[in-house]
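[1] Using only what follows, build the 3D model:
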Amino acid sequence: MTIKPIKNENDYQRALERLELIFDARKGSEDGDELEVLGILIERYEDEHFPIDFPDPIEAIKFRMEQMGYNQNDLAKVIGLKSRASEILNKKRKLSLEMIRLLHDNLKIPTEVLIQAY
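    Sure, this is the predicted structure:
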């Protein structure tokens with residue numbers, strides 16, 4: 001097992017190719033240990049070079065509503081008023097701290113997503 005840091009795109013591609021070759025290795029075997037270390041190195045490289053941003057708060061609300069089979073009336077029950085729900089979904093009203101708490105508690109949307117500017 002020869003493991004090196006992933007410093008550039010070529011190193012990254014080689015690591016991915018090696019990972020694919022040993023992907024089904026048994027845990028605890030030499031290849032299994034290499035797989036585990038390679039996975040950590042690849043994850044670190046990807047986190048640094050390909051960061052994933054949080055989604056837009058309103059799009060996250062709409063997505064979660066779709067997942068839960070909610071409509072605007074259901075959202076109104078969570079945050080208070082139907083008109084307020086409409087304003088939120090149309091980005092005419094900002095989310096208040098209380099709304100963020102209610103959406104987090106009821107729709108299980110992470111607060112980190114809801115507090116972003118939009």
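
[2] who's in contact with the residue lying closest to Lys91 once chain neighbours are set aside?
    Nearest in space to Lys91, with sequence neighbours left out and distances taken as Cβ to Cβ, 6 or more residues apart in numbering, is Ile58 at 5.7 Å. For the C-beta atoms, the positions are set from N, CA and C on the backbone; glycine is no exception. Applying Cβ atoms under 8 Å, 6 or more residues apart in numbering, one finds that Ile58 lies in contact with 88-89, 91, 118.

[3] now Ile58: how far from Glu48?
    For Ile58, the distance to Glu48 under the criterion Cβ to Cβ, to the nearest Å works out to 29 Å.

[4] now Phe23
    Using Cβ to Cβ, which is the criterion applied here, Phe23 is 23 Å from Glu48.

[5] Please identify the buried residues of stretch 19-32?
    Buried residues in stretch 19-32, defined by neighbour count with 16 or more other Cβ atoms under 10 Å: 19, 22, 25, 31.

[6] typo on my end, stretch 47-63
    Counting neighbours by 16+ other Cβ under 10 Å, one finds that the buried residues in stretch 47-63 are 57-58, 60-61.

[7] Let's see that stretch as CSV, backbone CA atoms only.
    Taking Å, rounded to 0.1, in the frame of the first residue of the first chain, the C-alpha atoms of stretch 47-63 are listed here in CSV:
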residue,chain,number,x,y,z
ASP,A,47,-14.4,19.3,0.4
GLU,A,48,-11.6,21.8,-0.3
HIS,A,49,-12.0,21.9,-4.1
PHE,A,50,-15.6,21.2,-4.8
PRO,A,51,-17.6,22.7,-1.9
ILE,A,52,-21.4,22.4,-1.9
ASP,A,53,-23.3,25.4,-0.9
PHE,A,54,-26.6,25.4,1.0
PRO,A,55,-29.8,25.7,-1.1
ASP,A,56,-31.8,28.9,-1.3
PRO,A,57,-34.0,28.9,1.9
ILE,A,58,-37.3,29.3,0.0
GLU,A,59,-36.4,26.6,-2.5
ALA,A,60,-35.6,24.4,0.5
ILE,A,61,-39.0,25.1,1.9
LYS,A,62,-40.7,24.3,-1.4
PHE,A,63,-38.7,21.1,-1.8
